[in-house]
Every structure is written in structure tokens, then in C-alpha cells.
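> Got a sequence here, can you model it:
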Amino acid sequence: MNDIPQMNDMPKMSSYSNGTPPVLSNALSVIQGASVNSFLVSPTSGSTSVPANGQIRIQVPSNAIIDWRTSKLHFSVETAGTATRLPVGIKTLVERCSILCGGTTIYQGNNFFNIQEYASSVAENRPLDASEHPEMCVFTDCQGGNATTGESYSAGLSANGGTVFSMDLGEFARTCSPRLWDLSLLPQIEIVFYLSPNSVLVAPKGQDLTGGTNPFTTANTTITDQTFTITNPVFVANCYSLADGMYSMALAQKIADVGYLELVYNQSLAFNQQWNSSARLSIGAMSLNKLTALFRLRTHGTRGGAVNIFGNPGNDTNELPKLSYKGTGYVNKSGLVEYQSKFQQLSCPVADGGTNGVYDDTTTPPLFQWSVNSSSLPQFQANVAQFYEMTKWANNVDKMPVKHFSEYLFNKFTISYPLNLPEVPHQKKYISGLDTRASNSYVELKGTNTNTTDYDCLILAETTSILRVGRGKSTEVLN
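Now for the predicted structure:
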């Protein structure tokens, strides 16, 4: 018992203010006069019906404190054409999202917003929500209606100005710091949603789930008349106000002392090119945080049948659904089934094998390695299993929403590598990525034993931007 340290022998905290764990802290913060409200904002374009390739422009309230993370665009979708289906994830219908402040672009976005958001939902372990069209509809639509002839939302909950779907502003809303912005300090903010072309839609031949005469995975005879239209778009802005004036005075004093406030957020630069065993780009940024590569077949822009999410019961008989832990035989799903569109299928570009997701035909496993100027990341050519773990590290998650490895390889293949320190939720924002402003850095992804003819490679370079706000609503953007 004498060897057991007594309380007086324990290391003492340097101070209660800095050393007390949150679970033991008795500190209490009180903010008087806080109130909340939500505002329904109609598009400035004035249209309640926006076709593919169109724009939706939203001007947010200018005299409130907005919560970017929970403020979303709400809408419904009407489709036309032969056996039209919406893809997984309603954000697929948006090609780009930009934010302007006083007519100056502060968040540029890129033209791959749809596939970027789909890939990040996997890599960042953010499964799609019910209002985001999380799975492809086969027999019934999201309102429980019959989808035999196609999927469209012009009646029921969508009628008379109703909406079914919603979407946020992507990585901007998830990464902006602080989460709440006082818009009274800024010029008028406008959000612009650029809609995708009709090629993101799915045109299946029929509804047979296990082969048959009219498989859901086979392209329809007619694959040129499928169209979509966004209907009843409105933006719901969740806002706060503080009546005591202390917050406004604190911000004014900060501007007086320093000269500006800093609002921080991430945005990704996109570089798409044909994969020929390497992909290169040049970039200059204040903070390069992460590199991500996505591979898609070069035919991904052609409308056709759905693609099986590999290894799920109830799908095509060629797809390995008979896993022992799933039970014997096939499950005849009658509603939502695990499919994705050709547009969003992310596959590992193996040099041989890989047909229908059967990667055991591969005799030369692919290897990948990033390089920034003369530095190799990692210091060895990593295989796909090793990059799976590195991708989780890069996105600061413990797991991805994939049920087994074949699903990752055939449907959701994403490889990322971090260049910044990991962050803890709810902590103060900091910048720790690679600074390449002095001279452009040359980034390359090199592959060995890969298919060099059939794939496109999309590289997403995540960077940090700072919006500085000064007196008289003056602004400056640092990238």
C-alpha cells in the first residue's frame, strides 16, 4: 500500500482555468437576449421552375446572424422522359455552388460539386439523410408513389409550392468558422446554384432486380429524352439575434483594434484529366490541406441503367450477394435498393480483372503515391488497402459507410492524403496546411499496375480561404 501514490503526490494542474477537464468544469456562460428565427427566401430569378443547366440565385437576409450549417435550399423535382430515375444524393443535380459578397466571389466552388459531395459523404462518413434522396428508387418513389414509369415529384407533398428535398452549401457550410456570421457587417451575400446537365439521370430498361428480361442495370432503349426540372426552390435561412448589443460592440472593437475580422472556410480546387498512370497539377495556396483522387470510367457522362452497389442482397445474380451473414438466397426488395448512377460510380482502375467488381482476377495489384515537388507522400507506393486507411486518416474519421471492401473498390473508391494537422470537433479553427504561395507547387499522383485507357482522374485539392471584414463593410479574400 505504501507504493500507491497519495493525493498529495499527484501532479498538480498548472491552473484551474486552463487545466480543468471539461467534464469537471463548473464554468457557466450566460448570454442575455438571444433569439432565433427562420426566414423563407425566394430566388431573385423569380422562377418556380428551373430546368437542367439553369441557375438558382438566392440573396440571404442582410441584418441577421446566419447559421450556415443548418440553412438549406429546399425544392422538389419533376422529371420527364422514358423510365427516368434520380441518382443517389439530391446534390447530384447541382453542378456548382458559388457565394458572392457585394458582387465579389468569396467562395468560387468548382464544376464538380455533385461528385465531390457524393465522394465526401463516403470519405467523411456522412451518410445521406432522408431529405437528400439517399438511395435510388426502383418500385416506389420518396412519397411512396408508384415509380414504374419514372420518378417525378409534381403531386402529393410537392403540389402547390410544396417541397420534398433539401441540400446545404457543401464544404463551405461544414467548414466555415465561426459557424455563425453577422451579415450586418458584410455587403449583400448572394448564393448561386448552377444545375447539372440531364446526363446525371438514370434510364433503366426495367425493374428486374436479379437479371431477367428487363434488368434495372441495363440501359433503356431510349436514353436521350430523360430530363429534370427543379421546382418550388426556396432557401430557409436559420438566423439569430442578440438584443444586449454586447456582441456587436465586441466585433466593432475587434475591427478598431486589429483593422478587420477573419472568417475562415475551406474550398476545393478541381483538376480533371484522363488517367494515364499519372495525374499532375500546379497550385499556389495559403494552406493546402488535403489531396483527394477520384476515378470514373470515361463513359460516366452517358445515360443508362443503374450500377449495383456491389455485394448487396437483392441485386444482380452476378454480383456476389450471397454472403453467409446475410442469410441464404436473395432478398426481394420492393422499395429502395442499393444502386448508384454511372455518373457517380467511383472505381479502382485496375490493370486487369475488375469485371463486375470481381477484383480477384487481378494479378498485379495497383499501387499509388502522391508527390509534392520532390517530396513523396507516403514514402512508399501504397496499395489500395493501405490507402483506405490513409483516406480515413486524411478525413479524420474512424470508418467509412461501406459494408465490405469490394463495395469500396467497385463503387466508392476514394484515396486521400492529409497535409495539415487533424482537427477536433468544436475547437478553434486553425490553419496548418502546406503554404505554396511563394512558388507554385507541382503535385502528382503516380500509379503502378493501373488501367491507363478507360478512366478519368479527378483530383480535389482542399485549401483554406480567409474573408477579412473591415470598416464600412469592406472585404478582402485571402486564398
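> Could I get the average pLDDT for the host helix or strand of Thr292?
Using DSSP states H and E, the element containing Thr292 is strand 288-297. Averaging pLDDT along strand 288-297 gives 97.
> Output it as PDB, restricted to C-alpha atoms.
Output of strand 288-297 as PDB, limited to C-alpha atoms (Å, rounded to 0.1, in the frame of the first residue of the first chain):
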ATOM      1  CA  LEU A 288      -3.200  23.200 -49.000                       C
ATOM      2  CA  ASN A 289      -4.900  20.900 -46.500                       C
ATOM      3  CA  LYS A 290      -5.700  17.600 -48.400                       C
ATOM      4  CA  LEU A 291      -5.400  15.900 -51.700                       C
ATOM      5  CA  THR A 292      -8.100  13.500 -53.000                       C
ATOM      6  CA  ALA A 293      -8.300  11.500 -56.100                       C
ATOM      7  CA  LEU A 294     -11.500  10.000 -57.700                       C
ATOM      8  CA  PHE A 295     -11.600   7.600 -60.700                       C
ATOM      9  CA  ARG A 296     -14.500   7.300 -63.000                       C
ATOM     10  CA  LEU A 297     -14.900   5.400 -66.300                       C
END
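> And the pLDDT for the one residue sitting closest to the centre of the chain?
Centroid-nearest residue in the chain, with CA atoms, centre = their mean: Glu117, separated by 2.2 Å. Predicted confidence (pLDDT) for Glu117: 97.
> I figured it hits Gly170, correct?
Yes. Using CB atoms under 8 Å, Glu117 makes contact with Gly170 at a distance of 5.4 Å. Placement of C-beta: from N, CA and C, glycine included.
> Quick check: neighbours shared by the two?
Contact criterion CB atoms under 8 Å, 6 or more residues apart in numbering; residues shared by Glu117 and Gly170: Lys91.
> still on that earlier bit, assumed the residue nearest to the centre of the chain was part of a helix.
Yes. Judged by DSSP: H, G, I helix; E, B strand; the rest coil, Glu117 forms part of a helix.
> how much space between the closest residue in space to it that isn't next to it in sequence and Asp168?
Nearest residue to Glu117 in three dimensions, chain neighbours excluded: Lys91, at 4.5 Å (CB to CB, 6 or more residues apart in numbering). The gap separating Lys91 from Asp168 is 9 Å, by CB to CB, to the nearest Å.
> Repeat that for Ile189.
On the measure of CB to CB, Ile189 and Asp168 end up 15 Å apart.
> Compare Lys91 and Asp168 and say which is more crowded by neighbours.
Set side by side, Lys91 and Asp168 show more neighbours around Lys91, with 26 against 19, by other CB atoms under 10 Å.
> these two touch, right, the more buried one and Gln116?
No. Taking contacts as CB under 8 Å, Lys91 lies outside contact range of Gln116: 9.0 Å.
> the strands in the stretch 101-250 of the chain, which residues?
For the stretch 101-250 of the chain, strands defined by DSSP state E, counting those that start in this stretch occupy the ranges 104-107, 136-137, 165-167, 180-182, 189-195, 227-242.
> Could you single out the most deeply buried of those?
strand 136-137 (a mean of 22; mean count of other CB atoms under 10 Å).
> Parallel or antiparallel, list what pairs with that one.
Sheet pairing of strand 136-137 (DSSP bridges) gives strand 336-337 (antiparallel).
> need the next SSE after the partner strand, C-terminal direction.
Immediately after strand 336-337, counting by DSSP H and E, sits strand 339-340.
> And that following strand, what does it pack against?
Strand 339-340 sits against strand 307-308, with contacts defined as 3 or more CB pairs under 8 Å, 6 or more residues apart in numbering; DSSP states H and E.
> Could you tell me how many residues sit around Thr450?
Look at Thr450: counted by other CB under 10 Å, it has 22 neighbours.
> before we move on, what about Thr414?
Neighbours of Thr414 under the rule other CB under 10 Å: 25.
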